[in-house]
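1. Got a predicted structure here, sequence first:
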Amino acid sequence: MHRWLVALAVLVCSCGTVATQQPSPSASPTAVAASSSPAGWICSSGSLLNKVVTVQPDVLYVNGMDAKAATGYDAVTISFTNGVPDNRNRLELQNSATFTLSPKGDQVTLKGDHGILVTLRGADMHTSYAGTRDSVTGYPVVAEVRVVQDFEGVVQIALGLNGAHCWSGSFSSNPDRMTIEVRSVPYSSG
């Protein structure tokens, strides 16, 4: 049995969040090593940890999802009506833009050639959210954003990406939201 050495690279943001990266058996061979990551960016699967909120409401209601292009990266913001996620979320990087629709099990391929699957546990995106569930952005990094699961307290949002990628993230309140920033690799430092 393989014993996986867990290497934690911790990013502490002024907003009280911590991002961790962990090698996983499904990590892609093209994943970028932490030593070559741009400062403050994670280039493997991991969790966006909230150091301020340790317990979220029983059900976290998603009421918004938006993508924006910025200089050097694209950002996806997920908004909530009643708080921000605790540490039950996960971001999984993949070498394709093909995801599984749950609970049916059908495969769907998003725009782009790489992807990130954002998983929020204890969440609901059908009670308070009335927006689009699939958005083709045309942005340089995040090509498409699609809800692939909203079932039994688990919400999964798939990001179709153009090229390999690194991510960072943060939480904010008033309004309550989680922001995931994604940039292409290789990256430009200036």
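-> Great, that's in hand.
2. Every contact and neighbour count from this point should use C-alpha atoms.
-> OK.
3. May I have the strands that pair with the helix or strand harbouring residue 150, each with its orientation?
-> According to DSSP states H and E, residue 150 maps onto strand 142-151. Strand pairing for strand 142-151, determined by DSSP bridges: strand 134-136 (antiparallel), strand 154-161 (antiparallel).
4. Looking at these, spot the one closest to residue 60.
-> Taking Cα to Cα as the measure, the strands paired with strand 142-151 were each checked against residue 60, and strand 154-161 came out nearest at 10.0 Å.
5. what helices or strands is whichever helix or strand comes after the closest one leaning on?
-> Tracing the chain C-terminally past strand 154-161 and defining elements by DSSP H and E, one meets strand 165-172 next. Contact partners of strand 165-172 among helices and strands, from 3 or more Cα pairs under 8 Å, 6 or more residues apart in numbering; DSSP states H and E: strand 17-21, strand 46-50, strand 176-184.
6. Report the distance from strand 165-172 to the chain centre.
-> 7 Å (Cα atoms, centre = their mean, to the nearest Å).
7. Could you list the buried residues of that strand?
-> Along strand 165-172, these residues count as buried under the neighbour rule (16 or more other Cα atoms under 10 Å): 165-172.
8. lowest-confidence helix or strand of this protein?
-> Of all the helices and strands that make up the chain, the one with the lowest confidence by mean pLDDT, DSSP states H and E is strand 11-12; it has a mean of 30.
9. Tell me where the chain is predicted with low confidence.
-> The model of the chain has pLDDT under 70 over residues 1-39, 49, 51-55, 186-190.
10. Brilliant, that's me finished.
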